[in-house]
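K.L.:
Coordinates only, no sequence provided:
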């Protein structure tokens, strides 16, 4: 891991404030944000333990946050069931920053502008630690799943399309 000057993201500040232990990771970013599997490879992490944060809007108008392994695809039916909605749709990228404070590729379940119901894919509990975005492209934090779930008040469910 290349050590730059110890830049802290909002996510890292929230974790520090709540005394949640984490390991910060950085990766190089070019013109566009790399996909999650590439990020996992750059960090030397198992893609099954690197989670991407997705935001969706329910039929009722509510917003929801889903965290799933980077190589997987969110199953919208399973996700809707997990949050008690008839249906959900992915939030258009242009609505992400105003709603959450995060950009596409740098969205984290920690430290959003508002707290939304959050669900992690149940496989997160199979790992000692998982990585999620640190709220900025090029930054990840590695945290114990139970600590992350407790911090954001999340639940777990089966959320992914079966391959």
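P.N.:
Done, it's in. Keep in mind it's a predicted model, so treat the numbers as computed, not measured.

K.L.:
Please give the element, helix or strand, for residue 119.
P.N.:
Assigned by DSSP states H and E, residue 119 belongs to strand 118-121.

K.L.:
can you give me the helices in the protein?
P.N.:
Along the chain, the stretches classed as helices by DSSP state H are 10-17, 36-42, 76-83, 93-100, 145-152.

K.L.:
Who's the closest spatial neighbour of the residue at minimal distance from the centre of the chain, skipping the chain neighbours?
P.N.:
Residue closest to the mean C-alpha point of the chain, counted by C-alpha atoms, centre = their mean, is residue 53 at 2.9 Å. The shortest distance from residue 53 to any non-neighbouring residue, by C-beta to C-beta, 6 or more residues apart in numbering, is to residue 107 (4.4 Å). (C-beta placed from N, C-alpha, C; glycine too.)

K.L.:
show me the contacts for the one you found.
P.N.:
52-55, 96, 100, 133, 135 (C-beta atoms under 8 Å, 6 or more residues apart in numbering).

K.L.:
if we go to 7 Å?
P.N.:
Contact partners of residue 107, counting by C-beta atoms under 7 Å, 6 or more residues apart in numbering, are 53, 55, 96, 100, 133.

K.L.:
Now do it, the pLDDT please.
P.N.:
For residue 107, the model assigns a pLDDT of 96.

K.L.:
okay, now residue 21: neighbour count?
P.N.:
By other C-beta atoms under 10 Å, 11 other residues sit near residue 21.

K.L.:
That one and residue 9: what is the separation?
P.N.:
Remark: distance between residue 21 and residue 9 (C-beta to C-beta, to the nearest Å) = 16 Å.

K.L.:
now do residue 63
P.N.:
Distance from residue 63 to residue 9, by C-beta to C-beta: 22 Å.

K.L.:
Give me the more crowded residue out of these two.
P.N.:
residue 9 (21 against 18).

K.L.:
From residue 120, how far out is that one?
P.N.:
In terms of C-beta to C-beta, residue 9 sits 20 Å off from residue 120.
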